[in-house]
Every structure is written in structure tokens, then in C-alpha cells.
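> What follows is a predicted protein model with its sequence.
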Amino acid sequence: AQKVTQAQTEISVVEKEDVTLDCVYETRDTTYYLFWYKQPPSGELVFLIRRNSFDEQNEISGRYSWNFQKSTSSFNFTITASQVVDSAVYFCALSYMEYGNKLVFGAGTILRVKS
Amino acid sequence: DAGVTQSPTHLIKTRGQQVTLRCSPKSGHDTVSWYQQALGQGPQFIFQYYEEEERQRGNFPDRFSGHQFPNYSSELNVNALLLGDSALYLCASSVISEQYFGPGTRLTVT
């Protein structure tokens, strides 16, 4: 069975601080895909990144970066120089197909960025 | 280009009643998935529709049923509502792509 654990329930930081959101996953599949979604107060899940199990290269997109470590089954997300607009709930998710398949989500981490 | 739309936005029902939620996928998308998100939890997969057929199903009872129409829009039906069915119901659409989510329908069962 697939499982995603986000141990941090809530994180509060002051604007411009760096923050890392942790994600640990479990799966028996050799091919799988990991995702991060952002859920602002409006409720709509916003796709941030997709990573497949064969690509452990870290990725950076602006202030966002992701660290995928297969050895520890982790896929952590770092926001550099956080901003108030980053305040949201962030979900890590797992799927055995790249597109269109059911996603298994973690419980989410609430990020509060204070000015 | 309109994204995924859902109706209604909010809904209040009484235990034992039945409810229908609606979803219009993003233009060109032929696959629709439904998720239930209880307060403080991550979304849980209910089922997925493709070519008007249920293709995958999560661990939800038969009280949860769905339908997909020829225009790819979809409905989620829940019968004999329980207090525990109170949640945000999210619809996601895709076509060989990452899933795009709608804003959800907030269902409150009293």
C-alpha cells in the first residue's frame, strides 16, 4: 500500500526566513511519482511539481526547491526567503502513474508566514 | 480558458438525505476524479471516470456513486448522508497530464 507522511502539522515563520516542509513516503512500486500541491484559503489545489522515482536530481524553481532522496524515502520542499503569499496548506502526494491516476495525499502542513 | 468548475459552492444537508455534486472539467480533459477532504486532512480518492465508466475506485462505500456524461462533465452522488460525510469535495480533471483541481464543494451534514 502507498502512504505519505507529513509529520509537521503547522509551521510559522517570519517573512524572508527559509522553510523546509518534510515528506516521507512508503510504496512497494519500483516506478512511482511524487507531487507537491499548494492549497490556499480558496480551497483549490495548485500543482507545484512532479518527480518520478528514477530522477533523484534536485530541482529549483525560483524560490522553491525540492530534495528527493530515495534512500530515505523523502521528498522535501524548501521555500527560500518566504513571503506572506506563501501562507497555505501544502500537500505531498504519491502515485504509481505519472498522469491522471489516483493520488495518495499526506495530511498536509499548514505554513503561516508572518510579516 | 476556464479551469475546473464545481457546483454548488456550499451545501447543507440533513442526515439521511441524498446529495448530488457537479463538476465540469477543464476544456479538452476527458478524465474526472473525485476526492473527499475532511477538515484538517489530506484529500482522499473516491473514484475516477473515463469514457463514462468508473475506472478506479478508492475505499468508499457504495453510498458514493458517480456518473460521467458524454461532454465529460461528472456528478458525484451520496446517499443516506452521515455526519461523517461533511467535507470538502474536490473534483480533478486530466488528459495525459497532471490533475487540475476545482475549488471544491463544501458539504455540511447536520
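Ah, there it is. Residues are numbered from 1 along each chain as shown, chains lettered A, B, ... in the order given.
> Going by C-alpha atoms from here, please, whenever you check contacts or count neighbours.
Noted.
> Starting from the helix or strand where residue A:20 lies, tell me which strands it pairs with and how they run.
Using DSSP states H and E, residue A:20 falls within strand A:19-21. Neighbouring strands of strand A:19-21 in its sheet, by DSSP bridges, are strand A:74-79 (antiparallel).
> contacting residues for residue A:107?
Shown in contact with residue A:107 (Cα atoms under 8 Å, 6 or more residues apart in numbering or on different chains): A:4, A:5, A:6, A:9, A:91, B:40, B:41, B:42, B:43.
> For the strand holding residue A:20, the averaged confidence score.
In this model, strand A:19-21 has an average pLDDT of 98.
> ok, residues contacting it?
Here strand A:19-21 has contacts from A:6, A:8, A:13, A:76, A:77, A:78, A:79, A:80, A:82, A:109, using Cα under 8 Å, 6+ apart.
> Any figure for the gap between residue A:13 and residue A:110?
Going from residue A:13 to residue A:110 by Cα to Cα, to the nearest Å gives 11 Å.
> Comparing these two, which residue is more hemmed in?
Legend: neighbour count by other Cα atoms under 10 Å in any protein chain shown for residue A:13 and residue A:110, higher for residue A:110 (21 against 17).
> Residue A:47 is in what secondary structure piece?
strand A:46-52.
> For that strand, which residues meet the burial criterion?
The neighbour-count check on strand A:46-52 (16 or more other Cα atoms under 10 Å in any protein chain shown) flags A:46, A:47, A:49, A:51, A:52 as buried.
> Could you list which of those also contact chain B?
A:46, A:47 (Cα under 8 Å from any Cα of the partner chain).
> what pairs with residue A:94 across the strands?
With DSSP bridges as the rule, residue A:94 is bridged to residue A:34, residue A:104.
> How about residue B:76?
residue B:21, residue B:66.
> these two touch, right, it and residue B:68?
No: judged on Cα atoms under 8 Å, residue B:76 makes no contact with residue B:68 at a distance of 9.1 Å.
> if you count what's nearby, which of the two comes out ahead?
residue B:68 (23 against 20).
> distance of the more buried one from residue B:83?
26 Å.
> same deal with residue A:57?
45 Å.
> What is the burial count for residue 75?
The chain I'm using is chain A. 23.
> hmm, I had chain B in mind actually
Around residue B:75 there are 21 residues (other Cα under 10 Å).
> Next: residue A:86.
Residues near residue A:86, counting by other Cα under 10 Å: 16.
> Same check on residue B:13?
16.
> Roughly how far does it sit from residue B:25?
25 Å.
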